[in-house]
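Trainee: From the sequence below, what's the structure:
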Amino acid sequence: MTHREFLSALPPETRNALTARSKWRGIAHLAGHAGAILAVGTLILLQVPLWWALLPVQGVLLVALFTLQHECTHKTPFASDWLADRVGQVCGFILVNPFIWFRYFHLAHHRYTNLDGKDPELEGTKPETRRAWAWHVSGLPYWASAIRLMAALVTGKFRADYLPARARPHAIREARIMALLYGASALSLLWTSALFWVWLLPVILAQPVLRLYLLAEHGDCPRVADMFANTRTTFTSAIIRFLAWNMPYHVEHHVFPSVPFHNLPVLHDLIRSDLQVTAEGYIAFTRAYLARRS
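Mentor: Purely as a prediction, here's the structure:
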């Protein structure tokens, strides 16, 4: 069965139940995630014993906001579209990933998942050697790419087929506002190092974790149009599923992107027997990925 055949066989009442957005589930989840960030950040600023060991923890909490930003591009985590857009923009600012640009980039990725020459996620290519993998996972290529993207948007020089002309002025304006806020954040370091310890250093330290996580979504999957084959679901712990807003259920998300994060486990139960590409955790995926490279 292909993902299209699965979707066509779903009864209307099941579709409606799966795609129903909750008024409170997303807000409660956000409160838990943001509360953890604030709590760990406070402990860092108070310099409790072994506070420096909390820096990578804070980093993981922050980079995991990428999965929330990703959900916000689909307008699924909250009942309010306005709230999804505002939360997505805040996450994008924290991670230097402009939200309006990312929405169109990501929707193109969904439209052409893992298809050569069409999926914009493949433009950076996946690492094919262990040396390339180490460079990719370091996060340095990401930061270089993010700086180039911001520069192109701020100067109005960014061009891509997936960003429509009507959205381009909005993406440019958003990037310019972000640049001003980054400037203000940098100036704040003249008076206090707080942002360095609770934001800047943690996201740099944890970027490799996000690179490893994202590589599992489509890495080494067949370059075909069927979502059951071109995407991987990774079985992992409840803590990781919480931080990643259930996105380890990634086949499920690609098969039916309008399903909110809180209903992905339900969708998983419906399609588990049809899954073609899975991994028993991120360590297992990484080991298998590296074993195929010299």
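Trainee: Going by C-alpha atoms from here, please, whenever you check contacts or count neighbours.
Mentor: OK.
Trainee: What distance do you get for Ile100 to Leu189?
Mentor: Applying C-alpha to C-alpha, to the nearest Å, the value for Ile100 to Leu189 is 28 Å.
Trainee: Of the two, which one has the most company?
Mentor: Neighbours were tallied for Ile100 and for Leu189 using other C-alpha atoms under 10 Å; the higher tally belongs to Ile100 (22 against 12).
Trainee: pLDDT (mean, whole number) over the helix or strand encompassing that one?
Mentor: Remark: Ile100 resides in helix 99-111, with elements defined by DSSP states H and E. Across helix 99-111, pLDDT averages out at 97.
Trainee: Show me what the helix or strand hosting Ala151 is in contact with.
Mentor: Assigned by DSSP H and E, Ala151 belongs to helix 140-154. Contact with helix 140-154 is made by Val96, Asn97, Pro98, Trp135, His136, Phe158, Ala171, Ile172, Arg173, Ala175, Arg176, Ala179, as judged by C-alpha atoms under 8 Å, 6 or more residues apart in numbering.
Trainee: quick one, strands of the chain?
Mentor: 233-234, 278-279 (DSSP state E).
Trainee: For stretch 14-32, could you pull out the residues that count as buried?
Mentor: Leu18, Thr19, Arg21, Ser22, Arg25, Gly26, His29, Leu30 (16 or more other C-alpha atoms under 10 Å).
Trainee: hey, C-alpha coordinates of it in CSV?
Mentor: Extracted C-alpha coordinates of stretch 14-32, given in CSV (Å, rounded to 0.1, in the frame of the first residue of the first chain):
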residue,chain,number,x,y,z
THR,A,14,-11.5,9.2,10.9
ARG,A,15,-10.0,12.0,8.8
ASN,A,16,-11.9,14.6,10.7
ALA,A,17,-11.0,13.1,14.1
LEU,A,18,-7.3,13.0,13.2
THR,A,19,-7.1,16.5,11.9
ALA,A,20,-9.0,18.2,14.7
ARG,A,21,-6.9,20.8,16.4
SER,A,22,-7.1,21.1,20.2
LYS,A,23,-7.7,24.3,22.0
TRP,A,24,-5.5,23.3,25.0
ARG,A,25,-3.1,20.5,24.0
GLY,A,26,-0.7,22.7,22.2
ILE,A,27,-0.8,25.4,24.8
ALA,A,28,-0.2,22.9,27.6
HIS,A,29,2.7,21.3,25.7
LEU,A,30,4.2,24.7,25.0
ALA,A,31,3.9,25.6,28.7
GLY,A,32,5.8,22.5,29.6
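Trainee: quick revisit: got CSV for the strands of the chain, with mean neighbour count too?
Mentor: Output for the strands of the chain, formatted as CSV (neighbours: other C-alpha atoms under 10 Å):
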stretch, mean neighbour count
strand 233-234, 24
strand 278-279, 20
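Trainee: Can you lay out those as a markdown table showing mean pLDDT and distance to Pro120?
Mentor: What follows is those, written out as a markdown table (pLDDT from 0 to 100; distance: least, C-alpha to C-alpha, whole Å):
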| stretch | mean pLDDT | distance to Pro120 |
| --- | --- | --- |
| strand 233-234 | 98 | 21 |
| strand 278-279 | 97 | 23 |
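Trainee: Format those strands as JSON lines; extra columns: distance to Leu290.
Mentor: Compiled in JSON lines, the strands of the chain are given as follows (distance: least, C-alpha to C-alpha, whole Å):
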{"stretch": "strand 233-234", "distance to Leu290": "17"}
{"stretch": "strand 278-279", "distance to Leu290": "14"}
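Trainee: same question for stretch 283-294, mean pLDDT?
Mentor: For stretch 283-294, mean pLDDT rounds to 94.
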